[in-house]
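A.B. asks: structure here, sequence nowhere to be found:
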């Protein structure tokens, strides 16, 4: 378990943080896949802690809201498994959009910081 965590999960998180703005880079700057990933690595350099905290807070808020609503739905309708799944899905969709917005704002902030630094 510990070896797997060190070998795959930690590097996966680091790669996610490094490539966090690769999609906005690809869309706005029209770079290819590799170019977008390289540009994302440059834009997120030195900011991985901040990005991690943003994603952690968004994830914790999403978990709390979905878990809370699912818990209330389970108490109110213990036999309605499909309805609970639908409610959970409907709550998860706005959080997906929120994460996408945070991603785009992160890209714009990173570009502005790079431009400001010169």
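C.D. replies: Nice, thanks for sending it over. Note that the coordinates shown come from a computational prediction; the quantities given were computed from them, not determined experimentally.

A.B. asks: for this protein, just list every one of the strands.
C.D. replies: Assigned by DSSP state E, the chain shows no strands.

A.B. asks: what residue in it is the furthest from its centre?
C.D. replies: residue 79 (32.7 Å; Cα atoms, centre = their mean).

A.B. asks: how near is that residue to residue 38?
C.D. replies: 52 Å (Cβ to Cβ, to the nearest Å). C-beta: built from backbone N, CA, C; applies to glycine.

A.B. asks: cool, and residue 66?
C.D. replies: For residue 66, the distance to residue 38 - Cβ to Cβ - is 35 Å.

A.B. asks: do residue 73 as well
C.D. replies: For residue 73, the distance to residue 38 - Cβ to Cβ - is 45 Å.

A.B. asks: who has more neighbours out of these two?
C.D. replies: With neighbours defined as other Cβ atoms under 10 Å, residue 73 and residue 38 compare such that residue 73 has more, 19 against 16.

A.B. asks: the more buried one and residue 79: what is the separation?
C.D. replies: 11 Å.

A.B. asks: ok, residue 87 next?
C.D. replies: 14 Å.

A.B. asks: over to residue 100?
C.D. replies: 35 Å.

A.B. asks: with residue 68 instead?
C.D. replies: 20 Å.

A.B. asks: for the residue nearest to residue 28 when sequence neighbours are not counted, which residues are in contact?
C.D. replies: Among residues not flanking residue 28 along the chain, residue 107 sits closest, at 7.1 Å (Cβ to Cβ, 6 or more residues apart in numbering). By Cβ atoms under 8 Å, 6 or more residues apart in numbering, residue 107 lies in contact with 21, 24, 25, 28, 43.

A.B. asks: residue 42 now?
C.D. replies: Here residue 42 is in contact with residue 114 (Cβ under 8 Å, 6+ apart).
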